[in-house]
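Asker: quick one: sequence plus predicted model below, questions after.
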Amino acid sequence: MACVLVECSFVDSKSDMDRYNSSDFATAIIKAITGQVAIQRPPNSVIVSIQKLCNSLGVKDNKGNALVVDGIIGPCTRSAILKLPVIQRGSKGNFVKWVQERLIDLGFSCGSYGADGDFGYCTLVAVQNFQAKNGLASDGRVRQSTLIALLK
């Protein structure tokens, strides 16, 4: 069977990497091979938000790099997400706020304070209800399995 190898670029510096845009390369390759322009999907806003969160918390991918905020849950984003800490009642901060916002978006109330970044009783109940609805252990702790379910 015939095959084609396409070398998109040679990246050997940070400035090269900063200019690298996988979507632009993919579009150019598709157009060159088929003569058609691929339909671009808008970035997944939930993935964009977790990528921005990881970057703001200094959580890097498995190669030690900040995430490219592209809305795609590729291997780099997955590796960074797996490094996020477990949060539970008493936790505070931007990660808690992100979880609260996501729970609220999915229809799980976090109480009258909403997404305040403070993992209190109402957030605990919201997490437990979310976990139960998604077939997860309802322990109220946001671990990898709960986080992955929140990203769907």
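Answerer: The structure has been received and is ready for your questions. Numbers count the residues shown, from 1 in each chain.
Asker: other residues contacting the one helix or strand Val96 maps to?
Answerer: Using DSSP states H and E, Val96 sits in helix 94-105. The contact list for helix 94-105, computed with Cβ atoms under 8 Å, 6 or more residues apart in numbering, reads 46, 49-50, 53, 56-57, 84-85, 87, 110, 114-119, 123, 126-127, 130, 142, 147, 150. C-betas here are computed from N, CA, C, even on glycine.
Asker: now do 10 Å
Answerer: 45-46, 49-50, 52-54, 56-57, 59, 84-85, 87-88, 90-91, 108-111, 113-120, 122-123, 126-127, 129-130, 142, 146-147, 149-151 (Cβ atoms under 10 Å, 6 or more residues apart in numbering).
Asker: selection in ChimeraX covering whichever of those are buried, please.
Answerer: Here is the ChimeraX command that selects the buried residues among the contacts of helix 94-105 (16 or more other Cβ atoms under 10 Å):
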select :46,49,50,53,54,57,59,84,87,88,91,108,110,115,116,117,118,119,120,122,123,126,127,129,130,142,146,147,149,150,151
